[in-house]
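Engineer: missing the sequence, but the structure's below:
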């Protein structure tokens, strides 16, 4: 899945302004770092990368910014194997394959999986918002290491 569907600087600025929030270079840098990666980084990984350009950045600012961007629908938070919060600027419907060896997470789109419906009993007892499918296995590099 490519990154062409992601919001540009103007959209991010407008969403922040519409929510009554200031557009800051730190907020933009955090969003742009996420939009430029497919690795689903943790807040700490984002902090480490963005801090290089913004030495005064605090981890608390990263957490607050991620929460704001999530609330505005500009990013999504996911939890996989270790239940650590990971972030993605790809908010389009998509699914994941996760390597049990190196923990790499890859996005993929599949219209067949997009149409999967849960059993009627679940649809009656839950107000479902969205769904995604996760596949777990070993990537090519990890398979080679095992051999």
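Structural biologist: Arrived safely, thanks for sending. Computed from a predicted model, the values in this text were never measured in an experiment. Numbers count the residues shown, from 1 in each chain.
Engineer: any chance you could map the strands in this structure?
Structural biologist: All strands of the chain, identified by DSSP state E, fall at 76-79, 85-88, 95-99, 105-108, 134-137.
Engineer: buried sites along stretch 84-91?
Structural biologist: 86, 87, 88, 89, 90, 91 (16 or more other CB atoms under 10 Å). Bear in mind the C-beta positions are built from the backbone N, C-alpha and C, glycine included.
Engineer: picking up where we left off before, among the strands of the chain, which is nearest residue 48?
Structural biologist: If you check each of these against residue 48 by CB to CB, strand 85-88 wins as the nearest, at 13.5 Å.
Engineer: ok, the closest one: who's next to it in the sheet?
Structural biologist: Paired strands of strand 85-88, with direction, are strand 76-79 (antiparallel) (DSSP bridges).
Engineer: ranking the strands of the chain by burial, who's on top?
Structural biologist: Of all the strands of the chain, strand 85-88 carries the top mean neighbour count, a mean of 20, counting by mean count of other CB atoms under 10 Å.
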